[in-house]
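okay, sequence plus prediction incoming.
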Amino acid sequence: MSKTKTFVDSDVLIYAFRGEAELCRKAMEILDDPEREFIASDYLKLELLPKPIFHQFHEEVEFMQAFFDSASLYADATPAIADKSITLACRYNLSPLDALHAGTAIESNADVLVTGEKPENPLCQIQEIKVLSLRS
């Protein structure tokens with residue numbers, strides 16, 4: 001049986017590192033699930049690493065880097081991801097980074113996109129991929 005290919009939105013990693021107790025617990029359940037393999041991307045790195053590096057939050061940088069190092073799949077930026085992301089942003093009124101994360105997940109053949117967004121958020125409305133919210 002193959003593992004579930006999972007793309008996590010940046011907020012899942014943020015909640016895992018510094019979220020309130022319930023969201024942290026749910027995020028860590030996802031991240032610690034041995035039946036998942038994770039997909040990382042430059043877009044995820046762009047959203048997660050610059051601020052803690054700039055502010056020298058070393059523990060946060062180490063936590064995020066450990067996730068990137070452990071990801072079994074890495075999605076390079078491609079024109080197909082950009083095209084898919086623009087289409088999704090227009091169809092669902094997504095923010096640019098949410099669109100890039102969703103486009104990356106879809107183009108990388110992820111089984112699920114996990115987010116910390118509320119179920120009514122546009123990211124959770126995407127029909128092209130299964131979306132799991134930590135808040136539902």
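Nice, thanks for sending it over.

okay, CA-based contacts and neighbour counts for the rest of this
Noted.

contacts only, for the residue lying closest to Ile86 once chain neighbours are set aside.
Leaving out its chain neighbours, the residue that sits closest to Ile86 by C-alpha to C-alpha, 6 or more residues apart in numbering is Ala99, at 6.9 Å. Ala99 makes contacts with Ser85, Ile86, Leu88, Ala89, Leu123, as judged by C-alpha atoms under 8 Å, 6 or more residues apart in numbering.

going by distance to Pro50, which of these wins?
Pro50 has its nearest neighbour among the contacts of Ala99 in Ser85, at 22.2 Å by C-alpha to C-alpha.

which outside residues touch the helix or strand hosting that closest one?
With secondary structure defined by DSSP states H and E, Ser85 is part of helix 79-92. With contact meaning C-alpha under 8 Å, 6+ apart, helix 79-92 is reached by 94-96, 99-104, 107, 122-123, 125-126.

now do the buried residues in the helix or strand following it.
The element immediately downstream of helix 79-92 (helix or strand, assigned by DSSP H and E) is helix 96-107. Residues of helix 96-107 classed as buried: Leu97, Asp98, Ala99, Leu100, His101, Ala102, Gly103, Thr104, Ala105, Ile106, Glu107 (neighbour count, 16 or more other C-alpha atoms under 10 Å).
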